[in-house]
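Novice: Fold the following.
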Amino acid sequence: MMRATLLTSASLLLATMALAGCNKTASPTANQSTNNGQAVNEAAAARPAAADNATNATKSDAVSITSKDGGLDFEYGWPTEAAAIPALDSWLRGHADSARKKAAAMASSDQKSAKESDYPFRAHSFAQHWSVAANTPALLVLGAEGYTYTGGAHGMPFVSTILWDKARQQRLGTAALLDVPMLAKILKPRFCKALNDQREEKRGEPVSDKGDSAVPEFNQCVDMTKQEIVPLSVGGKALDTVQIIILPYEAGPYAEGTYTIDLPLDDAALAAVKPAWKNAFAKR
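Specialist: Residues are numbered from 1 along each chain as shown. Alright, predicted model coming up:
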């Protein structure tokens, strides 16, 4: 199926990196970022530095870039479907290079400060791995799970989305396809119920937005428009599902991890699709 494996891979990535962050002396950063359906805006044309180890035998091979310089462990990768599109492959290479330079500069600065202040330096880490969320005749949808660590108690995951318009050969944000506020209003009852169902499963008790609570927000529904919204294709021919990804501290404490909610599109939800993209979506 073309459906994204975002929940599984996000959970595995978070669990693996969190364990590394808690148990290592030199470990992975506490930067959280989402782009709410918009492509990350650090485009650059340059290829990664020669110090990186890049695997890209041909344009159709998956790409994996890694580097380790003592102060930073860096990982970045994308699948064959993206590598086979020259313009998208070029953007991803540029973004990987930009992300590495930014993370390396922060690690170098912290390492210098640690030396000057005579306290132990914990190596930083940055990981971002793109996977195919949907591949339809009109669009290639990529979802990325990432994780950053900058020496604190633990790192933070982040998510990003790219919607690649195959006809126009350009990146789009979710808002280019969907009226997000309208969609959130239509899906709110289903979204809030699904969120509470997952909360109850994780917590082992019913969720109530009434009564005393140390953090009342963790028992309330969250604003769907502020979360990452990823169009998926379960049927494989059109976008028929939306996935809402909620990062730690939004709907619950860090220990509860990421919440991922998949909602099939019905006739009501399809009303939020913008006219130019009606043919790219379908009811599930």
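Novice: so how far is stretch 79-98 off the chain centroid?
Specialist: Stretch 79-98 sits 16 Å away from the centroid of its parent chain (Cα atoms, centre = their mean, to the nearest Å).
Novice: what about the helices in the protein?
Specialist: Remark: helices assigned in the chain by DSSP state H are 6-23, 80-83, 86-117, 180-203, 267-270.
Novice: Any idea which of these gets closest to Gln227?
Specialist: Minimum separation from Gln227 across the helices of the chain (Cβ to Cβ) falls at helix 180-203, 9.1 Å. Every C-beta, even on glycine, is put in place using the N, C-alpha and C of the backbone.
Novice: packing partners for the closest one?
Specialist: strand 241-246, strand 259-264, helix 267-270 (3 or more Cβ pairs under 8 Å, 6 or more residues apart in numbering; DSSP states H and E).
Novice: picking up where we left off before, can I get the helices of the chain in a markdown table including mean neighbour count and mean pLDDT?
Specialist: Output for these, formatted as a markdown table (neighbours: other Cβ atoms under 10 Å; pLDDT from 0 to 100):
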| stretch | mean neighbour count | mean pLDDT |
| --- | --- | --- |
| helix 6-23 | 17 | 40 |
| helix 80-83 | 18 | 97 |
| helix 86-117 | 17 | 95 |
| helix 180-203 | 16 | 97 |
| helix 267-270 | 14 | 98 |
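Novice: Can I get these in CSV including distance to Ala127?
Specialist: Shown next, in CSV, are these (distance: least, Cβ to Cβ, whole Å):
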stretch, distance to Ala127
helix 6-23, 7
helix 80-83, 17
helix 86-117, 10
helix 180-203, 24
helix 267-270, 33
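Novice: Out of those, flag the one nearest Thr66.
Specialist: For Thr66, the closest of the helices of the chain is helix 86-117, at 10.0 Å, according to Cβ to Cβ.
Novice: Let me know which of the helices and strands packed on helix 180-203 is tucked in deepest.
Specialist: Of all the helices and strands packed on helix 180-203, strand 241-246 has the most neighbours on average by mean count of other Cβ atoms under 10 Å, namely a mean of 23.
Novice: Let me see the mean pLDDT of it.
Specialist: Across strand 241-246, the average pLDDT comes to 98.
Novice: among the helices and strands packed on helix 180-203, which is nearest Trp91?
Specialist: Nearest to Trp91, of all these, is strand 241-246, at 21.7 Å by Cβ to Cβ.
Novice: Can you name every helix or strand that the closest one contacts?
Specialist: The contact analysis (3+ Cβ pairs under 8 Å, 6+ apart) places strand 241-246 against helix 6-23, helix 180-203, strand 228-232, strand 259-264.
Novice: Tell me how many other residues crowd Val273.
Specialist: Per other Cβ atoms under 10 Å, the neighbour tally for Val273 reads 21.
Novice: what are the bridge partners for it, then?
Specialist: Going by DSSP bridges, Val273 is paired in beta bridges with Leu178.
Novice: Provide a list of residues in contact with it.
Specialist: Residues near Val273 by Cβ atoms under 8 Å, 6 or more residues apart in numbering: Leu177, Leu178, Asp179, Ala280, Phe281.
Novice: And the furthest pair within the residues you listed?
Specialist: By the measure Cβ to Cβ, the contacts of Val273 have their two most distant members at Asp179 and Ala280, which lie 14.4 Å apart.
Novice: Tell me which of the two has more neighbours.
Specialist: Neighbour count, other Cβ under 10 Å: between Asp179 and Ala280, Ala280 has more, with 21 against 14.
Novice: That one reaches Leu177, doesn't it?
Specialist: Yes - contact criterion Cβ atoms under 8 Å: Ala280 and Leu177 qualify, at 7.1 Å.
Novice: And Pro206, how close does it get to Asp197?
Specialist: Counting by Cβ to Cβ, to the nearest Å, the gap from Pro206 to Asp197 is 10 Å.
Novice: And for Gln227?
Specialist: Going from Gln227 to Asp197 by Cβ to Cβ gives 17 Å.
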